[in-house]
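1. from the sequence below, what's the structure:
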Amino acid sequence: MAPAHDLTFTPAAELVRRMASREISPVELVDACLARIEALNPQVNAFILVLADEARAAARDSEARIARNEARPLEGLPIPIKDIALVAGTPATLGSRMSPDFPIPFDSESVARLRRAGAVIIGKTHMPELGSTVASVSERFGATRNPWNLEHSPGGSSSGAAAAVASGMVPVAHGADGGGSLRIPASWTGLFTIKPTRGRVSEEPLGDVTGLLIQGFITRTVMDNALLLDQVQGYARGDRYWCSPLERPFTEEVGADPGKLRIGWTLKPPYPTPVDPACAAAVERAVAILTDLGHDVEAHDPDWADEEAAEIFLNIWRAQFGYAVDALARFGLDPSLLEPHSHALWEQSKQITASDYLSAVGRSHDMLKRLDESFQKYDVILSPTTALPPPTVGWLFEDAATDPLSPLIPRSAMAAPFTALFNITGQPAASWPLGWTVDGLPVGVQAAGQMGDEATLFRLSAQVEQAAPWADRRPVL
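-> Just a heads-up that it's a prediction; the model follows:
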């Protein structure tokens, strides 16, 4: 008899099919996930909240729906929600001691859509305080660890999401990306993700003032990511941003012929920092695979290198971070409870003038127009997802005692200089788990596409996945 956790490593699309055909039950699957969470979360620290009773009740409801032949697209599928989104009946802690402990009475739109599609909300996953760094090490919830090596970080800010999927606690996980927060942890845990185009997924009811943030999913397979995004994509009333409706579901793009694409690749980051040989080797492997698949692939350095790139992004981030903290403070919450790096960032936000902010937005638009010259020539731009392999858990904060902002600049920028630009531009970008260090730690390859064209990325990602399968790899815990 196969171990129960084999279920939790099974692709979500297969699980949904098997539940709908009554080969397995939603209750059986939820129980397998809960058992795996109970066994491994003390080591990995992926979950900050487990909704065992609620998940079992939802699973029983799914089982009844299936018995009535009323299964919905995600019927019975367990999924955790990153602590950045609202889940009715639970606190929205945002990884912070400052955030409230009282339950929120409603769901974020994305969570509500998952529920309506039949998904079972099984808990909430760890993130760094207010999503401000590339690793989850918080005073409130401790450190999330990488299932491939518990001494290393799984990345962030969707840290718990990636660690939960990589360790087989759950088959898929919700996350969000404001500067690489889906792609970085997917890269460092050997998983697949795609950051959708700005406006593809509703940010209601909280909204997103700067347009940097977009929700998505961390999965093992390309099809699983498409399945989930199909259920949450689309405009909701009140959204500040939107993008063109899909021509057809993302699941129909998976397996479709991408045609012969023009692909440029680079190892030159927008922010000047060295690129680790393992991260470079992952891109070189992707180039070889894509060339063998018949695409036109050539070296190309986009006009994105800018010594001020990190400062441009940071000024926008400072403004957004200050807005978030001030919003919490208006509810009577205490900014003095922020961690040192967050408090320093908040203090800096007070010095950002309207002119500073608009200058950063204007400069970022200049970067977009320069980058667009590359996308007039290429359908996809490849780069490393990160410039470093997964660092040790404490690496991010090694200099924080003398420089409280060092976890952001320079360390987060050193680790992940390639990702934030596509939050600024709003373009979709995937991370493919194609690389490994000599110590057995995963690193990814970023594939960025044209604005609004996730379809091409899904078609190409599925083609690469078929040529170099990755979904069966599991860490030993």
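2. could you find the closest non-adjacent residue to the residue nearest the centre of the chain?
-> Nearest to the geometric centre of the chain sits residue 182, at 1.7 Å (C-alpha atoms, centre = their mean). Of all residues beyond its chain neighbours, the one nearest residue 182 is residue 193 (4.5 Å), with distances taken as C-beta to C-beta, 6 or more residues apart in numbering. Heads up, the C-betas are built off the backbone N, CA and C, glycines and all.
3. ok, for residue 306, nearest residue in space, not its chain neighbours?
-> Nearest to residue 306 is residue 270, by C-beta to C-beta, 6+ apart, at 6.2 Å.
4. if we can go back for a sec, from residue 165, how far off is the residue nearest to the centre of the chain?
-> Relative to residue 165, residue 182 is positioned 12 Å away (C-beta to C-beta, to the nearest Å).
5. anything in contact with each of these two?
-> Applying C-beta atoms under 8 Å, 6 or more residues apart in numbering, one finds that residue 182 and residue 165 are jointly contacted by residue 218.
6. for the residue nearest to the centre of the chain, give its distance to residue 192.
-> Counting by C-beta to C-beta, the separation of residue 182 from residue 192 is 10 Å.
7. do residue 162 as well
-> Distance from residue 162 to residue 192, by C-beta to C-beta: 11 Å.
8. ok so, going back, next, the residue nearest to the centre of the chain: phi, psi?
-> phi -90, psi -50 (degrees, to the nearest 10).
9. do the same with residue 297
-> Main-chain torsions, residue 297, degrees, to the nearest 10: phi -120, psi 130.
10. count the residues that sit near it.
-> For residue 297, the neighbour count with other C-beta atoms under 10 Å is 22.
11. swap in residue 99?
-> Neighbours of residue 99 under the rule other C-beta under 10 Å: 18.
12. begin at 574, not 1, for the rest of this chat.
-> Will do, 574 is the new start, and the previous item becomes residue 672.
13. report the contact partners of it.
-> The contact partners of residue 672, by C-beta under 8 Å, 6+ apart, come to 664-666, 901, 906.
14. among these, which are in helices?
-> residue 901 (DSSP state H).
15. from the contacts of residue 672, pick the one nearest residue 835.
-> residue 665 (43.1 Å; C-beta to C-beta).
16. list the contacts for that closest one?
-> Per C-beta under 8 Å, 6+ apart, neighbours of residue 665: 656, 658-659, 672-673, 677.
17. 10 Å instead?
-> Applying C-beta atoms under 10 Å, 6 or more residues apart in numbering to residue 665 gives the contacts 656-659, 672-677, 681, 697, 779, 901.
18. list buried residues within the residues you listed.
-> Using 16 or more other C-beta atoms under 10 Å as the burial test, the contacts of residue 665 include 656-659, 672, 681, 697, 901 as buried.
19. report how many residues lie close to the closest residue to residue 967 other than its chain neighbours.
-> Nearest residue to residue 967, sequence neighbours excluded (C-beta to C-beta, 6+ apart): residue 710, at 7.5 Å. When neighbours are counted by other C-beta under 10 Å, residue 710 registers 26.
20. show me where the stretch 624-773 of the chain has its strands.
-> 651-655, 693-698, 710-711, 715-716, 746-750, 765-768 (DSSP state E, counting those that start in this stretch).
21. tell me which of the ones you listed sits nearest to residue 1036.
-> Nearest to residue 1036, of all the strands of the stretch 624-773 of the chain, is strand 765-768, at 13.0 Å by C-beta to C-beta.
22. for the record, mean pLDDT for the closest one?
-> For strand 765-768, mean pLDDT is 98.
23. now stretch 928-942
-> Stretch 928-942 shows a mean pLDDT of 88.
24. now do the buried residues in that stretch.
-> Within stretch 928-942, the residues that qualify as buried are 930, 933-934, 936-937, 940-941, counting by 16+ other C-beta under 10 Å.
25. same thing with stretch 676-695?
-> 680-688, 690-695.
26. which ones among the residues you listed map onto helices?
-> Counting by DSSP H, the buried residues of stretch 676-695 contribute 682-688 to helices.
27. just the closest of the residues you listed to residue 921, please.
-> Nearest to residue 921 out of these is residue 683 (C-beta to C-beta; 30.2 Å).
28. that closest one contacts residue 812, correct?
-> No. Applying C-beta atoms under 10 Å as the test, residue 683 and residue 812 come out as separate, 11.3 Å apart.
29. between those two, what contacts are shared?
-> Counting by C-beta under 10 Å, 6+ apart, the residues touching both residue 683 and residue 812 are 774-777.
30. which of these has the most neighbours?
-> When neighbours are counted by other C-beta under 10 Å, residue 774 leads these with 26 neighbours.
31. now for the closest residue to that residue other than its chain neighbours: which residues touch it?
-> Excluding its sequence neighbours, the residue lying closest to residue 774 (C-beta to C-beta, 6+ apart) is residue 788, at 4.6 Å. Residues in contact with residue 788, defined by C-beta under 10 Å, 6+ apart, are 654-655, 657-658, 681-684, 731, 747-750, 755, 768-769, 773-776, 781, 802, 805-806.
32. show me the one of the strands of the stretch 624-773 of the chain that comes nearest residue 969.
-> Proximity to residue 969, assessed across the strands of the stretch 624-773 of the chain by C-beta to C-beta, is greatest for strand 710-711 (6.5 Å).
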